[in-house]
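Participant: generate a structure from the sequence data that follows.
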Amino acid sequence: MGSGPGDPPARRGPALSLPPLRKRVKRAVRTWLLRGLLAIVKLLPLGAALALGRAGGGLAYGVFAKDRRLALEHLAKAFPEKTPEEQEAIARAMFRSLGETGMEIAQIDKLDRRLESYVEIEPSAVAALDQARKGSGVVAVTGHIGNWELLFRRIVRSGRPAYAVGAELSHGGLTAIVEELRGPGRTIWRGAPGASKKLLRAFREDAYLALLIDQDTKVQGVFVPFFGELAHTPRAAADLALRTGAGIVTIFIHRKAGGGHRISGRQVEYTPTGDPEADALAITAEMTRAIEEEVRRVPHEWVWMHRRWQTRPPDERALGS
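Facilitator: Numbers count the residues shown, from 1 in each chain. Okay, the predicted model is just below:
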């Protein structure tokens, strides 16, 4: 999800090119429909909204055949020891969890009034966050597990300076919604003008820089094990830490059985060897191992429809050619 100051800017297309009018209209309509849905959901009590989200997620499992198929395919790869019925139960629960996450985002104004109690930070996570902060910033790594937007919001609410690093969404309307959710100036958009300066300024502020590194995206990466198979993984978190001397934490959010969420986390210790390639590989592998542990612990809270193993190592492609 992130990139280092020396990484090439993300491809943004010709400066003056615009999508066709029909596509721009469709995007605008989609954005306003989403805003309208969010406005309606805001009117519901939280419990009713969560119930609606679970029901909607269950419905989506039946309707979105492609996502259902991908989720089941990936679950079979990750958990070959589980029966097809167990894999299907995880996939169904994942869709319901995503529905709940969407409803919580729509209800964010209400949740803000009691965010500290709704999203608990474990004492060990508080200690890890504070101990990692030694004057040169902290790289805070997580994955698309649970309600990761609430995770970021809760860290900001705790009074710690924090920024999220990510790629802009498919069109400006959705990007604007995310900006509103995270807070103005809280997201450093990869490849945007001035992004590198903002990254360096965040480290000078001794801030937390949040990165999601659990997806196979078109950024510089390394191949590290994930559920027993090499997966192309963004290396920006490791590169940033190595270049700046920043601390590293892995941090995650999970739903509590009685409602609300709990944040856990730990430090990732590293000692540079002088070989930046080997160091980036080792650190990324360790962070990815932590993500896998969390996914194994609560598998229905991860996004199983993502094509995590799509990009293959060059030597593997050569063998298959």
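
Participant: surely Leu209 is within a strand?
Facilitator: Yes: when DSSP: H, G, I helix; E, B strand; the rest coil is applied, Leu209 is found to be in a strand.

Participant: that one: how many residues sit nearby?
Facilitator: Using other Cβ atoms under 10 Å, Leu209 has 26 neighbouring residues. No exception for glycine: its C-beta is placed from N, CA and C like everyone else's.

Participant: ok, now Thr244?
Facilitator: The burial count assigned to Thr244 is 19, neighbours taken as other Cβ under 10 Å.

Participant: look up how far Pro193 lies from it.
Facilitator: 21 Å (Cβ to Cβ, to the nearest Å).

Participant: ok, Leu200 next?
Facilitator: Going from Leu200 to Pro193 by Cβ to Cβ gives 14 Å.

Participant: got it, and Gly102?
Facilitator: Relative to Pro193, and taking Cβ to Cβ, Gly102 is found at 31 Å.

Participant: quick one: which of these two has more around it?
Facilitator: With other Cβ under 10 Å as the criterion, Gly102 and Pro193 differ in neighbour count, and Gly102 comes out ahead with 20 against 10.

Participant: check which helix or strand that one maps to.
Facilitator: helix 84-106 (DSSP states H and E).

Participant: beyond that helix, next helix or strand please.
Facilitator: Following helix 84-106 in sequence order, the next helix or strand is helix 108-112 (DSSP H and E).

Participant: would you mark the buried spots in that following helix?
Facilitator: Within helix 108-112, the residues that count as buried by 16 or more other Cβ atoms under 10 Å are 108, 110-111.

Participant: distance between it and the chain's centre?
Facilitator: Counting by Cα atoms, centre = their mean, to the nearest Å, helix 108-112 is centred 20 Å from the centre of its parent chain.

Participant: can you list contacts of that helix?
Facilitator: The contact list for helix 108-112 (Cβ atoms under 8 Å, 6 or more residues apart in numbering) reads 42, 46, 104, 118, 150, 153, 157, 181.

Participant: quick check, the first one in contact with Gln107.
Facilitator: Same thing as Lys42. Yes: counting by Cβ atoms under 8 Å, Gln107 is a contact partner of Lys42 at 6.4 Å.

Participant: these two: who's more crowded?
Facilitator: Taking other Cβ under 10 Å, Lys42 and Gln107 do not tie; Gln107 has more neighbours (20 against 13).

Participant: pLDDT score assigned to that one?
Facilitator: The model reports Gln107 with a pLDDT of 93.

Participant: next: Ala318.
Facilitator: The score at Ala318 is 50. That number is its pLDDT.

Participant: quick one, strands of the stretch 151-300 of the chain?
Facilitator: Taking DSSP state E, counting those that start in this stretch, the strands of the stretch 151-300 of the chain run over residues 162-166, 187-189, 208-212, 221-226, 229-234, 247-255, 261-267.
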